[in-house]
Structure formats: structure tokens, C-alpha cells
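Q: coordinates for the following, if possible.
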Amino acid sequence: MTATTLYNLCYQLNDAVISPWMCRLGLNDQELDKLLVAYKKGTSEVFLRGSKMKFGPIRAIRIYDNSKLPNSNSYREDVESSFEKLDSGPDTFLGTHYERVLQKMGRDITENFIQGEWGYLHGKIVLSHLAFSKSLKESTNKVTSIALQKFNIYIKYKTIEKKIPVYRIAAHHSEVEKLQKAYEEGKYEVVLDGTKTRLQGFHRIKIFKVADEYNGLSKEDLRKKLKASAGGEQLTESILRDFGTDVTSDYIKGEFGESITTKLPAVKVKANAFRAQVNNLQNQQTKDFVDEAIGCYSNSNYRAAVVLSWVGAISLLYDHIIQNHLVQFNAEASRVNAKWKNANTFDDLTSMKEHSFLQIIAGTGIIGKNVKQELEQCLQLRNSCGHPNSLVIGELRAAAHIETLILNVYTKFQ
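A: Below is the predicted model of the structure:
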């Protein structure tokens, strides 16, 4: 058995004049997550540790960690044993007594998880704290990876007065994005690494992603390596290629200045059109979620827009299955996979891969074959946008993704 972070929870039901307090000790992340989702959605029963437990309506609730125990990342048996040693007195059913005992074992962390009364998100999309943490971690890793990556830029000119190529060594990703934007807007020059760099009259632009073995070097050390490889001669495009990967096509597309005349439809216009479509959504939580994705799109954060719009859509589908087609879904899932354990909650559905989930709901007729194929493409794009890589997408691709989800999920399964 592996030790893990555990939590303790005590709560009082609201179904009697004097209702006894109850405790759940040694909850792991998944168990606490299941109870938190049930609390927010106002679910009166939860299947936990092999049996159903009454979990609502709840009058009061407290959550504690085990940071004051000798080993805060303890085993469940250690937590239960510590509680028994500290538990004494005839009033064990009172919340104040439970609080005294649990406070000796750890800190009160209720406010980290509970923001409202029992059922305060009833009828709305509820993202578990584990799913949020996972998404936050992926986003953080992605930002960190991009921020640490270095690039070498090569610009060769076709004009007579500008024969010597320009090199920008160990440029950060933000510099590459500045170059990309200036290229699309057809600017005469752009400031890279604090130096004005001419674009007008260029013959060739190349962007190389520095290889991992050299990416940790300082700018000066990398420059020395490149010069040593050139043997004292002028740096060439082929030398830069030896030290990395050509990613020019990820950033430079179309003709110089082309985006000035090809911004059709305009981002703002399309964003307003999307908002007009979601104004008719009945669920305010869903409407807010889509509006956040549209906001990312409107601000040219296309990859974030793709990820957010998909997370909201798949959550909406999970809720629809739980409320309307759970028996039908479990039957089809068991037919396809004999090892499938019947789902009872939102969290149970998340244990299935999203691609497999789409196959099951298509197999039950909840969505059609063509809709399934479109959603599979949306999922593939979401996966590409949600992980650190060099993929760059434009407004039209992001717009098509959002529109597909609005028309086939948000307006149909709210």
C-alpha cells in the first residue's frame, strides 16, 4: 500500500431538529472529489467505499487535512487510529467535539473547497477540483515549457544594400511571436532582442527551435558553439539547422502582409455572432462557460478557446447522460467492454476515455454518426492544443471548433 495525502470530513444533515454529526476519515483525493461534486450539485446520496451514504441536505460541513500528524501523507489506518486515541468524552456526536479532535490532527481547509451552501451549483456544470488541478497543471507545464524554449532566427535579404543575413540567437518564444505578427501585418521592421530588425525586402526567413541538448545554454555560450561550428566563417542556415529543428512553417504562413487583406471573418465580428448564439442558452453556468471561451477567441488566445470550449461541452454531455440516459449508457458500455463498471456519478463517467465515451453515446443513438465524427475532430484538436507543442492555429480553425460545439452540444444538451 502506498501512502498518499488524506483528508477528514465531518458534516451535519439538515433533516432533523438535532441531527448528529458524522465523520468520514482518511479520504483520498478521489473520494473527497466525489463528495465535493455531490455537495455542490446537491446530491443527497453518494456511493462511497462500497456502500451508499446519505449526504444531504447538509446544514454544516468541515474539511481538515492531517498536517499535524507525524506523517501528514499517512495511511488511512494511521488516521483512524489517531482519531480513536484523541476521541473521548460522551458528546462524540456533537460537531464541536469532532472539530476539537480533527483540529488536533490537522488544519481546517474548508474554505479551500466550499464556497456556498449545499447544492449551490445545482443544475449547473460542476468541474471537480481534481479536473481543475489537472488542467491547471497542464497549462502551467505548457507555459513553462514554451517560456524556456529558445529559437534561432535567420533572415536573408534580396536587396543589394543588405547582403549579409541577420541572425537572432537564443530568441525567446515571445520574440518569435513578435516576428510572426510583424510578418502577418507586413511591417517594415520589428524589434527583436532589443534591436531593430528589418523585414521589408527579405528573401528568406527561417526559424529553428534549439535542440534540447543546447537549449539550456546561455545566449553567449550558444553563440560560441555556433561560431565554433562555422570555423570562423559566417553563420549559415545549415549550421543553425544542425543545432535544432526547422519550425518556420509553424509561424510563417502565406505571403508577407497577407493577413491584412485576409482577416475574413474578423475575430470581433465572429465573436459577437457566437455570443448571439449562446444568448439563448437557458443554463447560466453553461452560458458563462462558453462566453469565457469566446472571450479567449476574441483576444486571439485560440488554443485556450479550443480547450475551454471542449471541457464545457464534454461536461454538459456527462450531465445529460447522468440525468437522462444512465441505464442505456451503462448497457452499451458493458456490451462494448465486459470489464466496465456501471457509472452512477459524473466522476464515474470521467474514468472512461473521452474518445470511448463518444463511441458509446453514438452507439446508443444519443448522438448521430456524423455528429460523433465532428466531435472526434474537436477532441483531437483539443488534445493538440492542451499539451506543450509547437502547434499554431488561427482564428478560422478555432472558430470552426467553437461553432461545431455550440451547434451540436451546447444548444442541444443544455
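
Q: does Phe208 really touch Thr245, like I thought?
A: Yes - if you go by Cβ atoms under 8 Å, Phe208 and Thr245 touch, sitting 6.5 Å apart. Using the backbone N, CA and C atoms, a C-beta is placed for each residue, glycine as well.

Q: what separation do you get for Tyr157 and Leu35?
A: 65 Å (Cβ to Cβ, to the nearest Å).

Q: same question but for Asp242, I mixed them up
A: Asp242 is 56 Å from Leu35, where distance means Cβ to Cβ.

Q: which of these two has more neighbours?
A: Set Asp242 next to Leu35 and count neighbours by other Cβ atoms under 10 Å: Leu35 wins out with 22 against 11.

Q: thought that one was touching Leu48?
A: Yes - with contact defined as Cβ under 8 Å, Leu35 reaches Leu48; the gap is 7.3 Å.

Q: overlap in contacts, those two.
A: Common neighbours of Leu35 and Leu48, counting by Cβ atoms under 8 Å, 6 or more residues apart in numbering, are Arg24.

Q: buried ones in stretch 36-50?
A: Within stretch 36-50, the residues that qualify as buried by neighbour count (16 or more other Cβ atoms under 10 Å) are Leu36, Val37, Ala38, Tyr39, Lys40, Lys41, Gly42, Thr43, Val46, Leu48.

Q: turn these into CSV, columns for distance to Ile322 and pLDDT.
A: Below are the buried residues of stretch 36-50 laid out as CSV (distance: Cβ to Cβ, whole Å; pLDDT from 0 to 100):
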residue, distance to Ile322, pLDDT
Leu36, 16, 89
Val37, 11, 87
Ala38, 12, 88
Tyr39, 16, 89
Lys40, 14, 87
Lys41, 10, 86
Gly42, 13, 88
Thr43, 10, 88
Val46, 13, 88
Leu48, 17, 86
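
Q: out of these, list just those in helices.
A: Leu36, Val37, Ala38, Tyr39, Lys40, Lys41 (DSSP state H).

Q: wait, which of these is closest to Pro70?
A: Nearest to Pro70, judged by Cβ to Cβ, of those is Leu36 at 27.1 Å.

Q: show me the contacts for Tyr64.
A: Tyr64 makes contact with Tyr7, Asn8, Leu9, Leu102, Gln103, Met105, Gly106, Arg107, Asp108, Ile109, according to Cβ under 8 Å, 6+ apart.

Q: what's the spacing between it and Ile360?
A: Counting by Cβ to Cβ, the gap from Tyr64 to Ile360 is 38 Å.

Q: please apply the same query to Lys341.
A: In terms of Cβ to Cβ, Lys341 sits 14 Å off from Ile360.

Q: and those two? Which one has more around it.
A: Higher neighbour count among Lys341 and Ile360: Ile360, with 24 against 11, using other Cβ under 10 Å.

Q: and what about the more buried one, helix, strand or coil?
A: Of the three states, Ile360 takes helix under DSSP: H, G, I helix; E, B strand; the rest coil.

Q: so it makes contact with Ser334?
A: No - with contact defined as Cβ under 8 Å, Ile360 does not reach Ser334; the gap is 9.9 Å.

Q: which residue packs closest to Arg168, ignoring adjacent ones?
A: Ile153 (4.0 Å; Cβ to Cβ, 6 or more residues apart in numbering).

Q: what sits up against the helix or strand where that neighbour lies?
A: For Ile153, the element it lies in under DSSP states H and E is strand 150-157. The set of residues external to strand 150-157 that reach it, using Cβ under 8 Å, 6+ apart, is 163, 165-173, 175-176, 179, 192, 197-199, 201-210, 215, 222, 226, 235, 237, 240, 243-244, 247.

Q: of the residues you listed, grab the buried ones for ChimeraX.
A: Burial among the contacts of strand 150-157 is assessed by 16+ other Cβ under 10 Å; the matching ChimeraX selection reads:
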select :165,166,167,168,169,170,171,172,173,175,176,179,192,197,199,202,205,206,207,208,209,210,215,222,226,235,240,243,244,247
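
Q: filter the contacts of strand 150-157 down to the ones in helices?
A: Using DSSP H, those in helices are His173, Glu175, Val176, Leu179, Asn215, Leu222, Leu226, Glu237, Leu240.

Q: please, where are all the helices along the stretch 51-200 of the chain?
A: Residue ranges of the helices in the stretch 51-200 of the chain, as given by DSSP state H, counting those that start in this stretch, are 76-86, 95-105, 129-148, 173-185.

Q: do you know the pLDDT at the spatially closest residue to Leu222 that is not a sequence neighbour?
A: The shortest distance from Leu222 to any non-neighbouring residue, by Cβ to Cβ, 6+ apart, is to Ala170 (5.0 Å). Ala170 carries a pLDDT value of 86.

Q: list the contacts for Ala170?
A: For Ala170, the contacting residues are Lys150, Phe151, Asn152, Val210, Leu217, Ser218, Lys219, Leu222, Arg223, by Cβ under 8 Å, 6+ apart.

Q: just the buried members of those?
A: Burial by neighbour count, 16+ other Cβ under 10 Å: within the contacts of Ala170 this picks out Lys150, Phe151, Asn152, Val210, Leu217, Leu222, Arg223.

Q: out of these, who's nearest Lys287?
A: For these, the nearest to Lys287 is Phe151 (39.9 Å; Cβ to Cβ).

Q: mind listing the residues bridging to that closest one?
A: Applying DSSP bridges to Phe151 gives these bridge partners: Ala171, Lys209.

Q: separation between it and Glu184?
A: 17 Å.

Q: before we move on, what about His173?
A: His173 sits 16 Å away from Glu184, going by Cβ to Cβ.

Q: would you list the contacts of Ala170 in CSV and tack on distance to Leu379 and pLDDT?
A: Formatted as CSV, the contacts of Ala170 follow (distance: Cβ to Cβ, whole Å; pLDDT from 0 to 100):
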residue, distance to Leu379, pLDDT
Lys150, 32, 89
Phe151, 30, 91
Asn152, 35, 91
Val210, 32, 92
Leu217, 38, 88
Ser218, 41, 87
Lys219, 40, 86
Leu222, 38, 91
Arg223, 43, 89
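
Q: mind putting these into JSON lines with distance to Asn28?
A: Listed next are the contacts of Ala170 as JSON lines, based on distance: Cβ to Cβ, whole Å:
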{"residue": "Lys150", "distance to Asn28": "40"}
{"residue": "Phe151", "distance to Asn28": "43"}
{"residue": "Asn152", "distance to Asn28": "47"}
{"residue": "Val210", "distance to Asn28": "41"}
{"residue": "Leu217", "distance to Asn28": "43"}
{"residue": "Ser218", "distance to Asn28": "44"}
{"residue": "Lys219", "distance to Asn28": "46"}
{"residue": "Leu222", "distance to Asn28": "46"}
{"residue": "Arg223", "distance to Asn28": "51"}
